[in-house]
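# My questions are about this predicted structure, shown below with the sequence.
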Amino acid sequence: MAQHLDHTAVAQKLLDQQGQINDLTAERDDVYRERAHLVALLAAMTDDAVITYVPDTEEPGWQIVYLTIGGRQCSWHIAPRDADLFQHVERVGALDVRALWDGHTTEEKYAHITAHTTELAQR
């Protein structure tokens, strides 16, 4: 026996879910914007900070900022919507030696930052 499908209720549920998705997307984007502000500050405080466009992405405009913190490379992807925060960072080509990823993982990056922060705080 076929059940009766209330198309109006289904459509409303989909609209509600899309609203929740939109809210979560906006919240995520706000968090990434906050992170981008902090990375932009670090870039201004770090010698030899550079930024380059991501060569292997399907979405245009993504960039990577490379910083040397405590003698080690750290990098972050920067969304096109946050690029305005990095106008002060030297733009280089993807083959510039300063913009060649050294293979660090996210975990390694943050472990290094934690160790460097501890070292700085003890000075």
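Yep, it's here. These numbers come from a predicted model, not from an experiment. Numbers count the residues shown, from 1 in each chain.

# Phi, psi for the closest residue in space to Thr46 that isn't next to it in sequence please.
Among residues not flanking Thr46 along the chain, Leu67 sits closest, at 4.6 Å (CB to CB, 6 or more residues apart in numbering). Backbone N, C-alpha and C define where each C-beta goes, glycine included. Note on Leu67: backbone dihedrals following degrees, to the nearest 10 are phi -120, psi 150.

# is it true that Leu67 touches Asp47?
No - using CB atoms under 8 Å, Leu67 is not in contact with Asp47; the gap is 9.1 Å.

# those strands in this structure, which residues are they?
Assignment of strands within the chain using DSSP state E yields the ranges 50-53, 63-69, 72-78, 90-91.

# could you dump these to TSV with mean pLDDT?
Formatted as TSV, those follow (pLDDT from 0 to 100):
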stretch	mean pLDDT
strand 50-53	97
strand 63-69	97
strand 72-78	96
strand 90-91	97
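
# Any idea how far apart the tips of stretch 84-95 sit?
Counting by CA to CA, to the nearest Å, you get 23 Å between the two ends of stretch 84-95.

# quick one: buried residues of it?
Neighbour-count burial for stretch 84-95 flags 85-86, 89 (criterion: 16 or more other CB atoms under 10 Å).

# Excluding chain neighbours, what is closest to Trp76?
Using CB to CB, 6+ apart, the closest residue to Trp76 is Val39 (5.0 Å).

# What are the neighbouring residues in contact with the residue nearest to Thr46?
Going by CB atoms under 8 Å, 6 or more residues apart in numbering, Leu67 touches 39, 42-43, 46, 48-49, 73-75.

# in the sheet, who's paired with it?
Note on Leu67: beta-bridge partners by DSSP bridges are Cys74.

# Could you check the pLDDT of Met1?
Met1 carries a pLDDT score of 50 in this model.

# coming back round to it: find the residues that touch each one of Leu67 and Asp47.
When CB under 8 Å, 6+ apart defines a contact, no residue borders Leu67 and Asp47 alike.
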